[in-house]
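*Asks:* Everything below, folded, please.
(2 chains)
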Amino acid sequence: GQQVMQIPQYQHVQEGEDFTTYCNSSTTLSNIQWYKQRPGGHPVFLIQLVKSGEVKKQKRLTFQFGEAKKNSSLHITATQTTDVGTYFCAGPSGTSYGKLTFGQGTILTVHP
Amino acid sequence: DTAVSQTPKYLVTQMGNDKSIKCEQNLGHDTMYWYKQDSKKFLKIMFSYNNKELIINETVPNRFSPKSPDKAHLNLHINSLELGDSAVYFCASSLGFANTIYFGEGSWLTVV
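*Replies:* You can find the predicted model right below:
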């Protein structure tokens, strides 16, 4: 079945450093979604990418969808303590009743 | 108003007991889910319902029985609880399949 792999699993950064998490799918995706889960919280939708090579920005966050639509990345510029949490990518399985398969998540810690 | 609400938020119970978690969404979505998140933050889909009909059952033990009385509600009943059932259970909903998912705040289940 479809697999969505995310690396790294953990990332510790000093406040102000940049951070990137990568997502790779075993199959071509119709879209990719990114979610953020704060410690003790629930996953919250950040963004969806649909087009091959698409790049979207949300303030300090830059999301990219690969040309082959099998990989994606999330880059945070100049991290802040409010960025701590787990970042998940998720992609649909492609079937009619497609489920959203989540990556394992990247747990980001930002040291002040 | 909470979009996806689930109760209880915390649940501590002994092995062998039966417990239920209730979930309601007021977003008008037609698809609802139960996800299980383990201690390593991995989000795994358990069930998906569309308009009260079971669509996805991800090889979950039959001790877990979801029930959807209407498309705004999806409850989860767990029989004969085991230590390994300890996790955070998230209810979620979406409009259609594999679209943006809105998560509830989670139910922290601890089996002792």
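
*Asks:* ok, residues contacting stretch A:54-61?
*Replies:* With contacts defined as CB atoms under 8 Å, 6 or more residues apart in numbering or on different chains, stretch A:54-61 is touched by A:46-47, A:49, A:62-65, A:74-80. From N, CA and C alone the C-beta is placed, and that goes for glycine too.

*Asks:* mind running it again at 6 Å?
*Replies:* Stretch A:54-61 is contacted from outside by A:47, A:63-65, A:76-77, using CB atoms under 6 Å, 6 or more residues apart in numbering or on different chains.

*Asks:* likewise stretch B:58-65?
*Replies:* B:45-46, B:77-80.

*Asks:* Any chance of a PyMOL selection covering the buried ones in these?
*Replies:* Filtering the contacts of stretch B:58-65 down to the buried ones (16 or more other CB atoms under 10 Å in any protein chain shown) takes a single PyMOL command:
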select buried, chain B and resi 45+46+78
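
*Asks:* with the contacts of stretch B:58-65 in mind, which one is nearest to chain A?
*Replies:* Nearest to chain A among the contacts of stretch B:58-65: residue B:45, at 5.5 Å, using CB to the nearest CB.

*Asks:* partners of that closest one in the sheet?
*Replies:* residue B:35 (DSSP bridges).

*Asks:* Which of the helices and strands in the chain ranks last by mean pLDDT?
*Replies:* Since you didn't name a chain, this refers to chain A. Across the helices and strands of chain A, the lowest-confidence element by mean pLDDT, DSSP states H and E is strand A:100-102, at a mean of 89.

*Asks:* ah, no, chain B please
*Replies:* Lowest mean confidence among the helices and strands of chain B (mean pLDDT, DSSP H and E): strand B:53-57, at a mean of 85.

*Asks:* Pull out the buried residues from the next helix or strand after that one.
*Replies:* Per DSSP states H and E, the first helix or strand lying C-terminal to strand B:53-57 is strand B:64-70. By neighbour count with 16+ other CB under 10 Å, strand B:64-70 contains the buried residues B:64, B:66, B:68.

*Asks:* ok now strand B:64-70, how far from the chain's centre?
*Replies:* Relative to the centre of its chain, strand B:64-70 is centred 9 Å away, using CA atoms, centre = their mean, to the nearest Å.

*Asks:* next SSE after that strand?
*Replies:* Going down the chain from strand B:64-70, the next helix or strand is strand B:73-78, by DSSP H and E.

*Asks:* That next one: what's the following helix or strand?
*Replies:* strand B:87-94.

*Asks:* Give the other helices and strands that the next helix or strand after that next one contacts.
*Replies:* Downstream of strand B:87-94, the next assigned helix or strand under DSSP H and E is strand B:102-103. The helices and strands touching strand B:102-103, judged by 3 or more CB pairs under 6 Å, 6 or more residues apart in numbering or on different chains; DSSP states H and E, are strand B:87-94.
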